[in-house]
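**Student:** Structure for the following, please:
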Amino acid sequence: MSYSTITYAVADHIALITLNRPEAMNAFTREMGEEMAAAFDAADADAEVRCVIVTGAGRAFCAGADLSLGAETFNAVSQAVASGALDETDPKWRDFGGLLNLRIFNSAKPVIAAINGSAVGIGATMILPMDIRIAAQGAKMAYPFTKRGIAWDGCASWFLPRVVGIETALDWGLTGRTFLSEEAHEKGLVSELVPADKVLERAYERARLIVETAAPVSVSMNRHLAWQMLAATHPMEAHRLESRAILRRGMSEDAREGVMSFLEKRSPAFPGQMPGDLPPGWPYKSEPEY
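**Tutor:** Numbering: from 1, shown residues only. Model prediction:
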């Protein structure tokens, strides 16, 4: 499909999604969320893609929601044709930042955030379900929802405490204060800091470590297992799923290639592809309904 708020390109097994509203510091709109979700659909369906990088055009990653509607920016009812009484449990009123982040969470391919500049609001929540976060030195970040008189978006109340711990999540989330990427690095929100003009280069280096040496099916399965187990109440839940996963993976040609390439001291050539070669019944757990 064609895109108007993002760009999408694939090269050397890596898909690059670029938020492309540089004149507005890549401010987020519903259209951008829908286009990003469509790009993740395209990446998942393409066996050539083994990793996804998300970055921003220009000097910002994403400056948050587009506030051009003024006081009615967050009033979904005013922006929709509502008939009858408002039923706030109706799926049509779902937070579209949350819809995007659930789509990223369910990605079949690993996702790297190349945070090239300011990341605020939804710009700071959309990075949470991504697997690796690399940020520009001195980039401004914030979760300013309380300062805008609204609530968390993008499932951030679930993701952020799991990424940085409850105390840091509440500090950033309740005050809404702006902090720099250096603090984000110290608290574990981002894994690396590099100069702004090197962020994308470093993201590609990290992506190549995945696409050149790791089995695509194993990467996808291990990604989902790690995220699922954040909500597990006992290690037995991990043991059950891992037992099924390693049984099936051990039967695969990928496992044979992984062992033989190691013994023969050569680069692996894994035959398994995503999508298509996941084991029967995967992911072994059903997704909760809205």
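**Student:** so where's this protein shaky on pLDDT?
**Tutor:** The chain contains residues with pLDDT under 70 at 69, 71-73, 75-86.
**Student:** Just want the most central residue of it.
**Tutor:** Against the mean C-alpha coordinate of the chain, by Cα atoms, centre = their mean, the closest residue is residue 130 at 2.9 Å.
**Student:** check contacts around it.
**Tutor:** 54, 104, 111, 112, 113 (Cβ atoms under 8 Å, 6 or more residues apart in numbering). To be clear about C-beta, it is placed using only N, CA and C from the backbone, and glycine gets the same treatment.
**Student:** how about CSV for these, with secondary structure and distance to residue 35 added?
**Tutor:** Output for the contacts of residue 130, formatted as CSV (DSSP: H, G, I helix; E, B strand; the rest coil; distance: Cβ to Cβ, whole Å):
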residue, secondary structure, distance to residue 35
54, strand, 12
104, helix, 13
111, strand, 16
112, strand, 19
113, strand, 17
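**Student:** Can you flag the buried ones in the residues you listed?
**Tutor:** 54, 104, 111, 112, 113 (16 or more other Cβ atoms under 10 Å).
**Student:** Nearest to residue 156, out of the residues you listed: which one, please.
**Tutor:** Among the buried ones among the contacts of residue 130, residue 104 lies closest to residue 156 (Cβ to Cβ), at 12.5 Å.
**Student:** Tally up the residues packed near the residue nearest to the closest one when sequence neighbours are not counted, please.
**Tutor:** Nearest non-adjacent residue to residue 104, counting by Cβ to Cβ, 6 or more residues apart in numbering: residue 129, 4.4 Å away. By other Cβ atoms under 10 Å, 23 other residues sit near residue 129.
**Student:** Regarding residue 129, what is its secondary structure?
**Tutor:** Classification of residue 129 using DSSP: H, G, I helix; E, B strand; the rest coil returns coil.
**Student:** Check the contacts of residue 130 and tell me the two furthest apart.
**Tutor:** 104 and 112 (11.4 Å).
**Student:** shouldn't the residue nearest to residue 104 be in contact with residue 99?
**Tutor:** No - Residue 129 is not in contact with residue 99 according to Cβ atoms under 8 Å; the separation is 11.9 Å.
**Student:** quick revisit: how near is the residue nearest to the centre of the chain to residue 268?
**Tutor:** 25 Å (Cβ to Cβ, to the nearest Å).
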